[in-house]
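Participant: Sharing a model prediction with you, sequence too.
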Amino acid sequence: MTLLSEYYVPGLHIEDRSIKVPLDWAGHEPGHGFDGESISLFYRVVTAPEHVHDDLPLLVFLQGGPGGSGPRPLGPSSDGWIEEAIKHFRVVLPDQRGTGRSSRVDTHVIEGMDGDGKAGAAFLKRFLADSIVRDFEHLRRTEFGGARWVTLGQSYGGFLTLTYLSLFPQGVIASFTTGGIPHVPADAAEVYEHTFPRMVRKTTQFYERYPQDKERVAAIADKLPTTAEVAEFIGKLTDSVLNPMAGTDVEHRLGVIAGMAAHGFPLMPNGDPLTVERFQCLGSDFGMKPSFERVHWILDDAFLDGDGSASADSPLSDEFLTKVMNATSSRPLYWPLQEFIYANGELETPICWAAQRVRGEHPEFAGDIRPLNFTGEAMFPWMFEQERALRPFKPAMDVLMEDTHFGTIYDADQLARNEVPLQAAVYFDDMYVDSGLQLDTLSRVGRSHYWTTNEFEHDGVHGSVVFKRLFNEALNRGDLEELF
C-alpha cells in the first residue's frame, strides 16, 4: 500500500492511501497487472483509536453520486453510520474515480479534449459503475490480501452494490444499502416518470409548511427570464461574442456577461444567468432533511428593499443570488453522468435527455405556472449551454445522448441467484429512488431483505439509527456469522 499520511481527527484514526488503476478496464482483470494509461484511486482507512492495532473485518463505503467522493469525517458522530461502523470494522472510504483525490475530473480536464465530443464521451464512459466497481475489486485483491469485505452503499452506492453483486459477488461477505436499489432493468425515463409527479407533491408540502413563500417564489420567478429567452438573446449577439460561449475565451465570455447584465438578466456571482428553470432546481434538495428549511431561508434573503417582504419592484439581493448559485451548483461529474447511471449494456434506444423528454409531458412545470413547481434531481440540456462549469462538457454530452453502447452494470440472472446477504433500507417517501421500484427489484434478488420506513428521508443513513438497525438485523439473522 502507498501510505500518504497517517493522523487522528477527534475520535478517529485515519490513513490516507492511494493506488493506480487502469483508466480503461477493457482487457484487464482486477488484481492483476495492467498496461496503458492509469489514474489514481485514493482511499482512506478509518478506525476507532482503540482498534488501530486490531485485525477487524473490512467495510467499504460506496458513496452516493454519481460523481461523489468519500466522506471527510469531522469525528465519529459527524456521519452517524461511521460511529456505529467503527465499533465493528475497519472502514474503507474510497474516492470514486474522477472525484476527490482520485484523479479528479473537472472543466480543466474536459476542455483539453477534441471539439467534436467523441474523445470526451469515450472518456466519461470510463467513470461509470462498471469501472468504479472494478477499481474497488482491484483494491480489495491487491491492497487487502483478497480479504472479502462488507459493503455499505448509500443512494448511488446502492446502484454500485448491485453492480458489485453482478460482477464480483465472490468478493463480498454481506451488503447493506440505504435508499439505493435501482430498478432492474434500468430505464432513465421510467425514473423521471415517477420523479416529476412526486416533485409536485413535494412542492405542495413546501408551500403548506411555509405559505408565505408561495408569494415570494412567484415574485422572484416573475423577475427571471426563461432559459429559452436567454438562449434567444445570446443568439442575437455577434458571432465574435457568441462562439466562445461554448469555450473558455475570457474576453468573449466577459462580453457575453456584460451583454446579459445590460439587458437586465439577473446574474449570479460566477456570471451565470439566473433563469426560472435554474431557480426551480432548488427543489433538488427536497428529498433531504431539513431541505424545506434550507430553501425557506434562501428565499428569506431574496428582496433588497424595505423589510425584505416579497416585492415586484425590489431588486434581488446579492446574498440571495450567491445562495442560489451555491445551492444549484454541483460536483463536476454529477450532472454529466446523471442519466448514464441507468445505461446498462447495449441500449435499444439512446437516452436522449430523458428528464427533459419527461418534463415536456408535464406542463405544470412551465416557468409561468403559479404557484411555481420546483424540479428534483434531473439534468436538462440548457445546463450545458448556460452554466459556466458545465459548458465544456456539452460536446461530449451531445455524443453520449445518442450513444447506445455502454458497459454491463447489472446481471439479472446473477442477481436472481445471488447468495450474498443483502439488507436494504427502503425509504417509503424517497424522492430520488422510487420505493415501489426498489421493492420490485428486491423481489428478484436472491437473499435480499428490506426494511421499509417513512421515518427518514433519502439521507437517513447519516443519522444514528439506520445503519445500526440494518447491522443488528443482519447480525441476528446470522448473515455476519463469518465475521462475528
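Facilitator: Looks like it came in fine.
Participant: Could you check how far residue 8 is from residue 75?
Facilitator: Residue 8 sits 10 Å away from residue 75, going by Cβ to Cβ, to the nearest Å. Just so you know, the C-beta spots here come from the backbone N, C-alpha and C atoms, and that holds for glycine as well.
Participant: can you point me to the longest helix in the chain?
Facilitator: Identified as the longest helix of the chain according to DSSP state H is helix 188-209.
Participant: okay, and for the stretch 201-350 of the chain, where does confidence drop off?
Facilitator: 237-252 (pLDDT under 70).
Participant: tell me the helices in it, going along the chain?
Facilitator: 212-223, 227-235, 239-242, 250-263, 276-280, 291-300, 318-328, 334-337 (DSSP state H, counting those that start in this stretch).
Participant: Show me which parts of stretch 416-433 are buried, residue by residue.
Facilitator: Neighbour counts using 16 or more other Cβ atoms under 10 Å place 418, 420-427, 429-433 of stretch 416-433 among the buried residues.
Participant: Not counting residues beside it along the chain, what's closest to residue 115?
Facilitator: Nearest residue to residue 115, sequence neighbours excluded (Cβ to Cβ, 6 or more residues apart in numbering): residue 395, at 6.1 Å.
Participant: which SS state does the residue nearest the centre of the chain fall under?
Facilitator: Nearest to the geometric centre of the chain sits residue 65, at 2.6 Å (Cα atoms, centre = their mean). What DSSP: H, G, I helix; E, B strand; the rest coil gives for residue 65 is coil.
Participant: hmm, what's the outermost residue in the chain?
Facilitator: residue 306 (38.9 Å).
Participant: From what I see, that residue and residue 315 are in contact.
Facilitator: No: shown here, residue 306 and residue 315 do not form a contact pair, counting by Cβ atoms under 8 Å, at 11.5 Å.
Participant: Show me where the stretch 351-484 of the chain has its helices.
Facilitator: 354-359, 383-386, 394-400, 412-416, 435-442, 466-477.
Participant: Could you export those to CSV, including columns for mean pLDDT and distance to residue 311?
Facilitator: Converted to CSV, those look like this (pLDDT from 0 to 100; distance: least, Cβ to Cβ, whole Å):
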stretch, mean pLDDT, distance to residue 311
helix 354-359, 98, 30
helix 383-386, 94, 26
helix 394-400, 97, 36
helix 412-416, 98, 55
helix 435-442, 98, 41
helix 466-477, 98, 43
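Participant: Need those in TSV (columns: distance to residue 39).
Facilitator: Listed next are the helices of the stretch 351-484 of the chain as TSV, based on distance: least, Cβ to Cβ, whole Å:
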stretch	distance to residue 39
helix 354-359	29
helix 383-386	24
helix 394-400	18
helix 412-416	27
helix 435-442	31
helix 466-477	30
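Participant: Out of those, which is closest to residue 279?
Facilitator: Smallest distance to residue 279 across those (Cβ to Cβ): 12.8 Å, for helix 383-386.
Participant: packing partners for that closest one?
Facilitator: Judged by 3 or more Cβ pairs under 8 Å, 6 or more residues apart in numbering; DSSP states H and E, helix 383-386 is in contact with helix 227-235, helix 394-400.
Participant: Residue 177 versus residue 62, what's the distance?
Facilitator: 8 Å.
Participant: Can you pull the residues that touch both of the two?
Facilitator: 152-154, 157-158, 161 (Cβ atoms under 8 Å, 6 or more residues apart in numbering).
Participant: For residue 182, state which of those is nearest.
Facilitator: Nearest member of the shared contacts of residue 62 and residue 177 to residue 182, counting by Cβ to Cβ, is residue 158, at 7.0 Å.
Participant: Skipping adjacent residues, who's closest to the closest one in space?
Facilitator: residue 180 (2.0 Å).
Participant: And the one you found, how close does it get to residue 411?
Facilitator: 18 Å.
Participant: just residue 73 next, same as before
Facilitator: 34 Å.
Participant: Same check on residue 418?
Facilitator: For residue 418, the distance to residue 411 - Cβ to Cβ - is 10 Å.
Participant: Residue 118 now?
Facilitator: Note on residue 118: its distance to residue 411, by Cβ to Cβ, is 29 Å.
Participant: Tell me which of the two has more neighbours.
Facilitator: It is residue 411, of residue 118 and residue 411, that has more neighbours when counted by other Cβ atoms under 10 Å, with 19 against 13.
Participant: how many neighbours does the residue nearest to that one when sequence neighbours are not counted have?
Facilitator: Excluding the flanking residues, the one nearest residue 411 by Cβ to Cβ, 6+ apart is residue 166, at 3.9 Å. Residues contacting residue 166 under the criterion other Cβ under 10 Å number 22.
Participant: The host helix or strand of residue 166 vs helix 435-442, what angle?
Facilitator: Assessed by DSSP states H and E, residue 166 sits inside helix 156-167. Relative orientation of helix 156-167 versus helix 435-442 (axes from the mean of the first three to the mean of the last three Cα atoms, to 10 degrees): 20 degrees.
Participant: and helix 156-167, what does it pack onto?
Facilitator: Taking 3+ Cβ pairs under 8 Å, 6+ apart as contact, the helices and strands that helix 156-167 lies on are strand 58-62, helix 129-143, strand 149-154, strand 172-178, helix 412-416, strand 422-427.
Participant: Serialize these to TSV and add fields for distance to residue 260.
Facilitator: Listed next are those as TSV, based on distance: least, Cβ to Cβ, whole Å:
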stretch	distance to residue 260
strand 58-62	41
helix 129-143	38
strand 149-154	39
strand 172-178	42
helix 412-416	49
strand 422-427	41
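Participant: out of the ones you listed, nearest to residue 26?
Facilitator: helix 129-143 (9.7 Å).
Participant: Show me what the closest one is packed up against.
Facilitator: Where contact means 3+ Cβ pairs under 8 Å, 6+ apart, helix 129-143 is packed against strand 12-22, strand 38-47, strand 58-62, strand 90-94, helix 156-167.
Participant: at 7 Å what do you get?
Facilitator: With contacts defined as 3 or more Cβ pairs under 7 Å, 6 or more residues apart in numbering; DSSP states H and E, helix 129-143 has these neighbours: strand 12-22, strand 38-47, helix 156-167.
Participant: still on that earlier bit, of all the helices of the stretch 351-484 of the chain, which one is nearest residue 299?
Facilitator: Among these, helix 383-386 comes nearest to residue 299, with 22.0 Å by Cβ to Cβ.
Participant: what's in contact with that closest one?
Facilitator: 227, 230-231, 272-273, 335, 390-391, 393-394, 397 (Cβ atoms under 7 Å, 6 or more residues apart in numbering).
Participant: So residue 84 sits against residue 468, correct?
Facilitator: Yes: here residue 84 reaches residue 468: they are 4.7 Å apart, a contact under Cβ atoms under 7 Å.
Participant: ok, these two, which is more surrounded?
Facilitator: Ranked by neighbour count (other Cβ under 10 Å), residue 84 and residue 468 place residue 84 first, with 19 against 16.
Participant: Which strand or helix spans the more buried one?
Facilitator: Judged by DSSP H and E, residue 84 forms part of helix 80-85.
Participant: Can you give the distance of that helix from its chain's centre?
Facilitator: Distance of helix 80-85 from the chain centroid (Cα atoms, centre = their mean, to the nearest Å) equals 21 Å.
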